[in-house]
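Asker: Sequence isn't available, so here's the structure alone:
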């Protein structure tokens, strides 16, 4: 039976929600810009259900907005953008950030949250059955956002991944086809690369891959 409840869990204010047998709990978190995010419990972790949209650090300092795609290639400092410089796209898919932003000590995620490292992504991957199937359990099911055939998509984890694309070298690409999400873990064999995760419309996988630090990728925050 579905039951409405109100309580405080893991330091979150939980608004009325539906309690399921899987013991998942939906709550909300607000960032420094007053953007509101839904949250979800997956195994032992609590995740945002949406990509980050914030444009300021937690101390109120603005993050540099860079709209010149050529400038991204040479960046070695924090920056964000919206896909195709369209803030309406960012409202749904979240903004894109470079690596220097996600590891800045002024903190990108809301207070009490952080950008996950590679090991924390692996915990999620393992809980959802491994990389060959985890991505399907994380993607929204329909093809309104994901390109057809959106292979394996069930969203049974309620992670609700959308294909936000990326800022890559001097262009934007793959909106509707891929989502690429940062970790904070540098590659052990090349300090210019960072271990990230991506999902695609053509596979049910949660893929582990390296990206260069100046790329613009999505951010999902994890509860401390």
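Answerer: Arrived safely, thanks for sending. What you see is a predicted model; the values in this text were computed from it and never measured.

Asker: if I pick residue 196, what's in contact with it?
Answerer: 180, 181, 182, 183, 208, 209, 210, 211, 217 (CB atoms under 8 Å, 6 or more residues apart in numbering). C-betas here are computed from N, CA, C, even on glycine.

Asker: before we move on, which element is the residue lying closest to the last one once chain neighbours are set aside in?
Answerer: Distance criterion CB to CB, 6 or more residues apart in numbering; nearest residue to residue 217, sequence neighbours excluded, is residue 180 at 4.4 Å. Secondary structure assigned from DSSP states H and E places residue 180 in strand 178-187.

Asker: Also residue 58?
Answerer: Going by DSSP H and E, residue 58 is not in any helix or strand.

Asker: Distance check, it against residue 104.
Answerer: Noted for residue 58: a distance of 10 Å to residue 104, by CB to CB, to the nearest Å.

Asker: what about the longest helix along the chain, distance to the chain center?
Answerer: Assignment by DSSP state H gives helix 118-127 as the longest helix of the chain. Helix 118-127 has its C-alpha centroid displaced from the chain centroid by 14 Å (CA atoms, centre = their mean, to the nearest Å).

Asker: one step back: check which residues of the strand holding residue 180 are buried.
Answerer: 178, 179, 180, 181, 182, 183, 185, 186 (16 or more other CB atoms under 10 Å).

Asker: Same check on stretch 165-172?
Answerer: Going by 16+ other CB under 10 Å, stretch 165-172 has these buried residues: 165, 166, 167, 168, 172.
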